[in-house]
Each structure stands twice: as structure tokens, then as C-alpha cells.
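> need coordinates for the below:
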Amino acid sequence: MNNTYAYIRVSTKEQNTDRQHEALKEYATSNNLIYKATFEDRSSGKDFNRPQYLLLKEIVKTDDTIIIKELDRLGRNFMDTPKELQYFFERGIKVIILDTPLVSTGDIKLDYTINNMLINFLSYIADKEREKIQCRVIEGLKNAKDKGIKLGRPTRNLPKEFTRYYVKWKNKEVTGVEFAKLLKISKATLYRYIKEYIV
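Predicted coordinates for the structure are as follows:
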């Protein structure tokens, strides 16, 4: 018996998978397919060392079908994504990627050649897009830093005399206990303030 499997991936635990589930369910319904199982990973697409994906590779067999919503849900690595697809092709496993217009001529070898070209091209585009996003993030952080915008967790308001006594404490003119007493706070609170102040 041939089985159909769904594969879903997001990069972080916070991301929602509903959109992928709905698209795959709609495709399966319109093509009279019933999933044997759905495999879902919450990890980066830069490599294929993902627990659910590796489990899927162990379970799937010749003449089975894997459905994935988008090519970059399978992987974002331009070099390795086509190799993964070739792994399935060589074992007679069909991979359907909903956003990739794979060509079907009826000639298996020709289909593989054409589809592999498309997959290589689309993998390249996905990889370059990821690089562009990373560059934008780095540029954005640099611009914010150049403008004096402090990034990260907001610093809480420090006691009025904190900076003055902090200098004395750094110069070992007062102890930590004396520093805390001067500010009328606990020693634990003082060290939280110090940690935030020096970040």
C-alpha cells in the first residue's frame, strides 16, 4: 500500500504552522489523498539534521508520496536541498512541493532533469533571499548603533546617585555592602543594577 506523508517546518517555536497545515489539507482533499502521518519540525532550514525529517526519511518507502507546502520548508541550503530531493527520487518516492511548478512529461528521466534544474534555481533564489535578510538585519543593527539607539532589553531607571557611588565602588573606595546601603537597596538589587549598567 502506498502512503502519503506531510512535512511541515518552521524556524522557531513561536512561529505558527496553521498556514502550512491548511494548504496541505486543501491539496490532499482536492486530490483524494489521506495522510498516513504529518511530520513537523521547529528548527532552522540551513541543514537537514532535524528529528522529524530524519524520522520521515526512515519511514518513507518506494511509491510513497511526501507533500510540502514550499521549497524552503524542506530546506534553505542551495547546495544540499537538491541532494535531498535526489535521495527520494532514487528510491522511487514522489515529493510534491505545492509552490514549485514541477513539470511532468511522463518520461521519468526527463522529468527528473527538468525538475532538478528548477529545484536548483529555486533553491539558489531561496538561499540568496536568506542572505539578503541577514544583511538587512546586520545593516539595521549597525545603523541603530550609529544613531546611538541602545538595543536589547530596556535598562531600568537607576537610583539618582548610582553613577557617583558606582565610580567609588569601582575604585574600591566603598565596598558592595556600603554601596547598597548608600542607595538604600539590597545587595542583590545592587548587583542587578550593576549588571544592567555595564551592558
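> avg pLDDT for the top helix by length along the chain?
Secondary structure of the chain read by DSSP state H shows that its longest helix is helix 108-146. Helix 108-146 shows an average pLDDT of 74 in the prediction.
> ok, stretch 82-95 next?
For stretch 82-95, the mean pLDDT works out to 85.
> about what we covered before: and the longest helix of the chain, what other elements does it pack with?
Contact analysis of helix 108-146 by 3 or more CB pairs under 8 Å, 6 or more residues apart in numbering; DSSP states H and E lists helix 71-74, helix 81-90 as its packing neighbours. For every residue, glycine as well, the C-beta is placed using N, CA and C.
> quick one: the strands in this protein?
With DSSP state E, the ranges of strands along the chain come out as 4-10, 35-42, 65-68, 94-97.
> now for the last one, which elements pack on it?
Put plainly, it is strand 94-97. strand 65-68, helix 71-74, helix 81-90.
> tell me the domain ranges of the protein?
4-131, 162-198 (automatic domain parsing).
> wait, which of the ones you listed is closest to residue 144?
Distance to residue 144, taken as CB to CB, is lowest for domain 162-198 among the domains of the chain, at 18.8 Å.
> the domains of the chain: which one's closest to residue 140?
Once those are compared by CB to CB, domain 4-131 is nearest, at 14.9 Å.
> and the closest one, end to end?
33 Å (CA to CA, to the nearest Å).
> next one: stretch 166-185
14 Å.
> repeat that for stretch 167-177.
Using CA to CA, first and last residues of stretch 167-177 are 15 Å apart.
> name the residues of it that are buried.
Using 16 or more other CB atoms under 10 Å as the test for burial, stretch 167-177 gives 169, 174.
> now what about it, what contacts it?
Counting by CB atoms under 8 Å, 6 or more residues apart in numbering, stretch 167-177 makes contact with 165, 179, 182, 187, 190, 191, all of which sit outside it.
> deepest of the domains of the chain, which one?
domain 4-131 (a mean of 16; mean count of other CB atoms under 10 Å).
> on that earlier part again, what angle separates the longest helix of the chain from helix 81-90?
Interaxial angle of helix 108-146 relative to helix 81-90 (axes from the mean of the first three to the mean of the last three CA atoms, to 10 degrees): 150 degrees.
> next one: helix 108-146 to chain centre, how far?
In this view, helix 108-146 has its centroid 14 Å away from the chain centroid, taken as CA atoms, centre = their mean, to the nearest Å.
> next: stretch 9-28.
The chain centre lies 14 Å from the centre of stretch 9-28; the measure is CA atoms, centre = their mean.
> ends of it, what's the gap?
18 Å.
> report the rounded mean pLDDT for it.
For stretch 9-28, the mean pLDDT works out to 90.
> could you check how far the residue located most distally from the centre of the chain is from residue 163?
Within the chain, the residue lying farthest from the chain centre (CA atoms, centre = their mean) is residue 173, at 49.1 Å. Using CB to CB, to the nearest Å, residue 173 is found at 14 Å from residue 163.
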